[in-house]
Structures are given as C-alpha cells and as structure tokens.
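Asker: One predicted model, sequence on top.
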Amino acid sequence: MDSIRAVPIEQLGTVADEPTDPMPFLDWASTVSQLPGPTCQDLLATILDRSATALTMVEIRHLGGAFRAPDPARPGACERLEGEYLVSGLGFPIGPQMIEPIQHSLRALSHAIAAVDLDRVTPTFIDGASSARRAFDQATLLRLRGIKQRTDPHRLFQANLPLG
C-alpha cells in the first residue's frame, strides 16, 4: 500500500495510523551513550522473551548527527540532546491485571540498558513518572521557568507535564 501523500493538518493524526481516541498506556524511555554488542544482546533477549514481556512496542531512536549538534541559528528549549540513542517501551493496560506485568517489563527494559543508561530523556518523552530534570539541564530549566513566569504570571496556561 502506498500511503505517501500530502496530508492536510486536520488529518495529521492519521499518518502513523494511531488511535485518535484517548487510551491508557504506560511507558518508559531513557537515552543511552551507546549500544555496544552486550547491551544489544541483553535488550534483544528482554524483548524477545514473549513469556516475560507485556510491551506492545519497544523503540530505539538514533539521536546522533544533527540532533546532537547545537545550532545557534535555531535556538530552542534544548541546546542539544544527550545520548546517542533513545530507548523506549510502551504497553497498553487493557485491564487492571495488565498494569504490573507492563511495569515489570518496563523495569526489565531499563535493566537491560543499565550499563549505558544516561538517565535522561528528550523533552517529548517527559511523562508522569519522570520530571523535567531528566530532559533539561539545570540552567535550561531555570531559563524555561523564568520565561513561563514572565509570560504567564497568573498561571492561566497549564501543561500536562509542568517544568516543576
């Protein structure tokens, strides 16, 4: 099936063919400095053990190259992303009995990359279990909090995942 085409903004949610209705999920992510052979083997063993994993998705995103290079011409909240890769996992607790197995699987994923884990995330992976401190260094976090205070002193706008 060829689905490459221009997409109007109102159809942007269809690009990845993901559900458009809200649904519960549990996730975890962290950046790693590298993915050496032994870590890849541990990661694969964890993922491929179908009797021990309750995850729907495990993803490795490459963060090298332009993602890691600071670009003064394009200043943003983060000067650069730390880590060579971002490893993430996700599971859908379709019932209360699935919560613990998914949490166990996410811990196993974390354990598999422990030797190279930087305990950082990209800002888009901040979730309820982690804080903005995992995505931003202290100076950036203070700068962002200052911008928020200056532009919204009465706290009219709330984020799902505040800067803390």
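Answerer: Looks like it arrived, so ask away.

Asker: Render the CA-only coordinates of stretch 11-30 in CSV, please.
Answerer: The C-alpha coordinates for stretch 11-30 follow below in CSV (Å, rounded to 0.1, in the frame of the first residue of the first chain):
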residue,chain,number,x,y,z
GLN,A,11,-5.5,14.5,9.1
LEU,A,12,-2.1,14.7,10.7
GLY,A,13,-3.2,12.1,13.3
THR,A,14,-3.7,9.5,10.6
VAL,A,15,-0.1,9.5,9.4
ALA,A,16,1.0,6.8,11.9
ASP,A,17,-2.4,5.2,11.9
GLU,A,18,-2.6,5.6,15.6
PRO,A,19,-5.9,5.6,17.6
THR,A,20,-7.5,9.1,17.8
ASP,A,21,-9.4,8.4,21.0
PRO,A,22,-7.7,8.6,24.3
MET,A,23,-6.5,5.4,25.8
PRO,A,24,-4.4,4.4,28.8
PHE,A,25,-0.8,3.5,28.4
LEU,A,26,2.4,3.0,30.5
ASP,A,27,5.7,4.0,29.1
TRP,A,28,9.3,4.5,29.9
ALA,A,29,12.3,6.0,28.0
SER,A,30,15.9,6.9,28.5
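
Asker: Show me which residues of that stretch are buried.
Answerer: For stretch 11-30, burial by neighbour count (16 or more other Cβ atoms under 10 Å) applies to 26, 27, 28, 29, 30. Where you see a C-beta, it was placed from the backbone N, CA and C, and this is true even at glycine.

Asker: State whether residue 89 is indeed within a strand.
Answerer: Yes - checked against DSSP: H, G, I helix; E, B strand; the rest coil, residue 89 lies within a strand.

Asker: Make sure it is actually in contact with residue 109.
Answerer: Yes - the criterion here is Cβ atoms under 8 Å, and residue 89 meets it with residue 109 at 4.6 Å.

Asker: between the two, which one's more packed in?
Answerer: Between residue 89 and residue 109, counting by other Cβ atoms under 10 Å, residue 89 is the more crowded of the two (26 against 22).

Asker: ok, so what distance separates that one from residue 76?
Answerer: To residue 76, residue 89 is 26 Å away according to Cβ to Cβ, to the nearest Å.
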